[in-house]
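**Q** have a look at this fold, sequence not included:
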């Protein structure tokens with residue numbers, strides 16, 4: 001057999017087919033399911049933490065003939081993902097827990113546990129590719145072949161060491177090919193639907209989840225217009241995200257959107273869509289992949305949401321650990337707490353967390 005690889009098996013079709021592809025390549029595989037939470041109540045069966053998922057992972061491993069174990073990461077997941085999720089919302093931002101889980105658990109704790117078991121690498125069902133750049137010797141993170149499933153945005157935080165020890169066997173496949181292969185193999189999860197975006201909030205009510213976890217209530221407050229006048233009452237500032245239009249319950253002369261929040265004052269500011277556009281953002285907590293760092297302005301394609309098409313922009317170094325992202329054209333609802341990821345074609349240059357967005361009434365480009 002070839003090198004030993006630990007397969008992160010969530011119970012879904014992607015990770016199960018990833019395990020098969022590693023076996024097909026002649027590698028010695030060990031399956032592992034990360035126990036992150038134990039969910040109960042409405043919607044729990046749709047959570048990534050449901051018992052059914054661990055059972056599906058175990059059955060898929062048995063079908064493939066590989067050893068399998070469950071790793072208990074509940075304490076780390078609570079501290080590094082869930083607590084941060086709540087903290088960012090309470091500070092007025094919009095968190096991205098998938099990125100935090102990848103950074104802290106899948107490619108840090110899990111990789112360390114893999115090495116302790118004599119494994120050279122961790123393989124997952126992510127849709128992305130890793131290549132080695134000959135001239136620089138750096139490991140590169142690249143988009144998946146299936147553009148509709150590409151997950152490179154969520155993986156920008158991987159370090160050079162981690163990229164050298166991860167395997168993404170689905171990066172060169174289309175999703176339909178993965179489903180077809182799973183069906184041909186008779187895998188238990190061949191027809192299983194994909195997981196939710198926020199997997200530990202299966203019913204979609206993130207505020208109820210926060211209240212259960214934190215023991216805190218999020219009281220109503222005032223909606224304000226751009227001039228600071230009270231125009232209505234909101235149901236708790238943490239319930240609203242930048243750019244939101246639906247569910248505001250306001251009777252205004254024109255459509256209005258959430259344009260800002262003051263968490264200390266418990267107010268939510270609304271205004272016309274034009275007020276959502278910004279040309280710049282400050283980005284911190286940076287990780288560089290294709291380059292060692294940034295010492296001069298660099299032209300990139302930039303995304304501030306996972307499903308957004310890259311937008312032409314320039315990144316400019318500022319204070320240590322911070323860059324200014326300047327778009328060629330104003331962008332809608334650039335949101336603190338979310339990731340800004342920089343691309344050079346299919347290659348991820350790097351990325352970081354949006355911490356501040358200078359925003360005004362920008363000209364809207366179409």
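**A** On my side now, so go ahead. In this text the structure is predicted, and so the values were computed from the model without any measurement. Numbering: from 1, shown residues only.
**Q** mind listing the helices for the chain?
**A** Using DSSP state H, the helices of the chain run over 13-24, 51-64, 74-77, 83-90, 97-101, 110-116, 160-164, 175-185, 206-214.
**Q** export these to JSON lines and tack on mean pLDDT and distance to residue 154?
**A** C-beta here means a position set from N, CA and C on the backbone, and glycine is covered the same way. Formatted as JSON lines, the helices of the chain follow (pLDDT from 0 to 100; distance: least, Cβ to Cβ, whole Å):
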{"stretch": "helix 13-24", "mean pLDDT": "97", "distance to residue 154": "13"}
{"stretch": "helix 51-64", "mean pLDDT": "93", "distance to residue 154": "19"}
{"stretch": "helix 74-77", "mean pLDDT": "96", "distance to residue 154": "16"}
{"stretch": "helix 83-90", "mean pLDDT": "96", "distance to residue 154": "15"}
{"stretch": "helix 97-101", "mean pLDDT": "95", "distance to residue 154": "5"}
{"stretch": "helix 110-116", "mean pLDDT": "97", "distance to residue 154": "15"}
{"stretch": "helix 160-164", "mean pLDDT": "98", "distance to residue 154": "14"}
{"stretch": "helix 175-185", "mean pLDDT": "96", "distance to residue 154": "16"}
{"stretch": "helix 206-214", "mean pLDDT": "94", "distance to residue 154": "18"}
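**Q** pick the most deeply packed of those.
**A** helix 13-24 (a mean of 24; mean count of other Cβ atoms under 10 Å).
**Q** so what secondary structure elements neighbour that one?
**A** For helix 13-24, the elements it packs on are strand 4-8, strand 28-35, helix 51-64, strand 121-123, helix 175-185, judged by 3 or more Cβ pairs under 8 Å, 6 or more residues apart in numbering; DSSP states H and E.
**Q** residue 181 contacts residue 20, doesn't it?
**A** Yes: counting by Cβ atoms under 8 Å, residue 20 is a contact partner of residue 181 at 7.2 Å.
**Q** circling back to that earlier point, and the helices of the chain: which comes nearest residue 131?
**A** helix 160-164 (9.3 Å; Cβ to Cβ).
**Q** residue 299 pairs with what?
**A** Taking DSSP bridges as the rule, residue 299 bridges to residue 314.
**Q** isn't it up against residue 311?
**A** No: if you go by Cβ under 8 Å, residue 299 and residue 311 don't touch, sitting 11.7 Å apart.
**Q** so for those two, which residue has more residues nearby?
**A** residue 311 (16 against 12; other Cβ atoms under 10 Å).
**Q** got the contact list for the more buried one?
**A** By Cβ atoms under 8 Å, 6 or more residues apart in numbering, the residues touching residue 311 are 301-303, 327-329, 331.
**Q** swap in residue 28?
**A** By Cβ under 8 Å, 6+ apart, the contact set of residue 28 is 1-5.
**Q** what does residue 20 give?
**A** The contact partners of residue 20, by Cβ under 8 Å, 6+ apart, come to 64, 181, 185, 187.
**Q** spatially, which two of these are the most separated?
**A** Between all members of the contacts of residue 20, the longest pairwise span (Cβ to Cβ) is found for 64 and 181 and amounts to 12.2 Å.
**Q** and residue 319, what pLDDT?
**A** As predicted, residue 319 sits at a pLDDT of 86.
**Q** check residue 3 too.
**A** Residue 3 carries a pLDDT value of 89.
**Q** nearest spatial neighbour of it, skipping sequence neighbours?
**A** Excluding its sequence neighbours, the residue lying closest to residue 3 (Cβ to Cβ, 6 or more residues apart in numbering) is residue 120, at 4.4 Å.
**Q** and if you look at residue 332?
**A** Leaving aside its sequence neighbours, residue 332 sits nearest to residue 276 (Cβ to Cβ, 6+ apart; 5.2 Å).
**Q** would you confirm that the one you found contacts residue 255?
**A** No: between residue 276 and residue 255 there is no contact under Cβ under 8 Å: 11.6 Å.
**Q** quick one, which of the two is more surrounded?
**A** Taking neighbours as other Cβ under 10 Å, residue 276 and residue 255 compare with residue 276 leading, 23 against 11.
**Q** ok, now which ones touch the more buried one?
**A** By Cβ under 8 Å, 6+ apart, residue 276 lies in contact with 242-243, 257, 259, 332-333, 359.
**Q** again, but for residue 78
**A** residue 37.
**Q** report pLDDT for it.
**A** The model's pLDDT for residue 78 equals 95.
**Q** from residue 105, how far out is it?
**A** According to Cβ to Cβ, to the nearest Å, residue 78 and residue 105 sit 11 Å apart.
**Q** OK, contacts around the residue nearest to residue 3?
**A** With contact set as Cβ under 8 Å, 6+ apart, residue 120 has these partners: 3-5, 165.
**Q** make it 10 Å
**A** Contact analysis of residue 120 by Cβ atoms under 10 Å, 6 or more residues apart in numbering lists 2-6, 27-28, 114, 164-165, 167.
**Q** by neighbours, which of those wins?
**A** Across the contacts of residue 120, the neighbour count under other Cβ under 10 Å reaches its highest value at residue 6, namely 27 neighbours.
**Q** how about the contacts made by that one?
**A** Contact analysis of residue 6 by Cβ under 10 Å, 6+ apart lists 22, 29-32, 69, 71, 110-111, 113-124, 167.
**Q** make it 6 Å
**A** By Cβ atoms under 6 Å, 6 or more residues apart in numbering, residue 6 lies in contact with 30, 32, 114, 119, 122.
**Q** any of these buried? List them.
**A** The neighbour count (16 or more other Cβ atoms under 10 Å) marks 30, 32, 114, 119, 122 as buried among the contacts of residue 6.
**Q** distance to residue 321 for the residues you listed - can I get that in CSV?
**A** Listed next are those as CSV, based on distance: Cβ to Cβ, whole Å:
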residue, distance to residue 321
30, 37
32, 34
114, 29
119, 33
122, 27
